[in-house]
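S.K.: Next input, structure requested:
(one chain, ligands or ions: 1)
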Amino acid sequence: MTLLQIMSDKDSADVTLRTEDDAVIAAELAKRGITFERWPLLESLTGATSTDELLAEYASRIDALNADGRYKHIDVARIHPDESDPEWPAKATAARTKFLDEHRHAEDEVRFFAAGQGCFYLHLGDEVLATVCTAGDLVSVPAGTLHWFDMGTRPEFVAVRFFEEEDGWIGDFTGDKISSGFPTLDELVGA
Ligand SMILES: [Fe+2]
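M.R.: Okay, here's the model as predicted:
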């Protein structure tokens, strides 16, 4: 389920809005300069869908988003639980921890979730907007925006990523531990 929960940046218990309404989510994010769109879901998408097939299926959407050609590097990130892999718990923790602290990027962070889920926490002024993205959601976090990302304790998603530079994913971490005071993805969707 796509979800937006808006909280005070001083007190995560101070929740001013919690909604699963796509139109309200898009409107609240648009008010704050954040792009959020719903793209049609592919009935045919499975874990076996290749990156080329996925990019081909969404070619018209991707081309429209990249009409000015600013995104030079478009790829697909995938993570799936693999209980047969003894290394999986450590891999999951390592992947999750990477962007769990507050950071910003030099370019927009643009993601389309073709499957699975993940939560962007946008720290905008005195608010934190926890935005749980699920299959069909496209979000663009503007360059310089303070945020963090939680993929949950059992990470699972297929996401198309759009970069202007090859190293556009690199984060500039603020050193602020604000994220530890906010509900995790698991807590948000279980709430
Ligand atoms: Fe980020």
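
S.K.: quick one: contacts of stretch 130-138?
M.R.: For stretch 130-138, the external contacting residues (CB atoms under 8 Å, 6 or more residues apart in numbering) are 1-7, 25, 29, 34-41, 65, 110-122, 139, 182-183, 185, 188-189. Glycine gets a C-beta too; all of them are placed from N, C-alpha and C.

S.K.: repeat for stretch 96-108
M.R.: In contact with stretch 96-108 (CB under 8 Å, 6+ apart) are residues 123, 140-153, 155, 162-165, 168-179.

S.K.: Quick one: find the helix or strand in this protein with the lowest mean pLDDT.
M.R.: Across the helices and strands of the chain, mean confidence by mean pLDDT, DSSP states H and E is lowest for helix 51-57: a mean of 92.

S.K.: ok, residues contacting that one?
M.R.: 42, 44-45, 62, 74-76, 114, 158, 160.

S.K.: still on that earlier bit, the contacts of stretch 96-108 in strands, which ones?
M.R.: 123, 140-141, 146-150, 162-163, 172-173 (DSSP state E).

S.K.: how about those residues in a markdown table, adding distance to residue 132 and pLDDT?
M.R.: A markdown table is the format used below for the ones in strands among the contacts of stretch 96-108 (distance: CB to CB, whole Å; pLDDT from 0 to 100):
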| residue | distance to residue 132 | pLDDT |
| --- | --- | --- |
| 123 | 16 | 98 |
| 140 | 16 | 96 |
| 141 | 14 | 96 |
| 146 | 18 | 98 |
| 147 | 14 | 98 |
| 148 | 13 | 98 |
| 149 | 11 | 98 |
| 150 | 9 | 98 |
| 162 | 20 | 97 |
| 163 | 23 | 96 |
| 172 | 24 | 94 |
| 173 | 22 | 97 |
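
S.K.: Next, format those as TSV and append distance to residue 58 and neighbour count.
M.R.: Converted to TSV, the ones in strands among the contacts of stretch 96-108 look like this (distance: CB to CB, whole Å; neighbours: other CB atoms under 10 Å):
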residue	distance to residue 58	neighbour count
123	30	20
140	15	19
141	20	23
146	29	19
147	24	23
148	26	24
149	21	22
150	25	25
162	11	22
163	16	19
172	29	11
173	31	11
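
S.K.: which residues of this structure fall in helices?
M.R.: 22-31, 51-57, 59-65, 88-97, 185-190 (DSSP state H).
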